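# Test case, fold it:
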Amino acid sequence: MKQALSQNSIKPTEVGYINAHATSTPLGDGIELKAIYDLFKEHSSSLVVSSTKGSTGHLLGAAGSVEAIFTIMSCFCKTIPPNVNLDNADINLPVNLAGKIFESWPEKIQGKRIGLTNSFGFGGTNASILFSKSDYYL
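Model (predicted):
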């Protein structure tokens with residue numbers, strides 16, 4: 001996540017949505033949320049975090065591309081995908097988790113509409129990709 005931001009000259013305060021890898025494993029989800037909090041710190045309560053795996057299931061090799069599409073559509077449509085089937089968010093960090101229904105993009109961050117998606121694999125293959133709503137069309 002840190003490299004994705006720095007390589008694109010994006011400040012943490014410019015990101016409005018994170019599509020977390022979150023596979024509903026307490027250890028893995030906790031580590032990811034802690035990393036989000038550590039990187040975004042004071043901004044972590046104003047950006048919104050969700051995982052779309054509750055809607056789609058874990059699509060294994062296709063998960064990253066489908067979650068990238070969710071993130072792109074979130075930026076484009078100004079909506080945040082819900083955390084479907086999240087009944088017990090056992091977190092002790094001030095991270096703003098999306099609810100169980102679609103939400104509007106955070107008002108404080110209406111400008112560029114930048115979203116980040118995380119995709120992690122076995123053996124340490126990790127990717128974080130940024131997407132932004134563009135005003136330019138082909």
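# in the sheet, who's paired with the residue nearest the centre of the chain?
For the chain, the residue sitting closest to the mean C-alpha position, by CA atoms, centre = their mean, is Ile18 at 1.6 Å. Counting by DSSP bridges, Ile18 is bridged to Val49, Leu116.
# now the strands: where do they sit in this structure?
Using DSSP state E, the strands of the chain run over 15-19, 48-50, 79-80, 103-104, 114-120, 126-132.
# quick one: low-confidence ranges for the chain?
Across the chain, residues meeting the criterion (pLDDT under 70) sit at 90, 108-111, 135-138.
# Would you map the helices across it?
Using DSSP state H, the helices found in the chain span residues 2-7, 26-40, 53-56, 63-77.
# closest one to Ser46 among the ones you listed?
Nearest of the helices of the chain to Ser46, taken as CB to CB: helix 26-40 at 8.9 Å. Just so you know, the C-beta spots here come from the backbone N, C-alpha and C atoms, and that holds for glycine as well.
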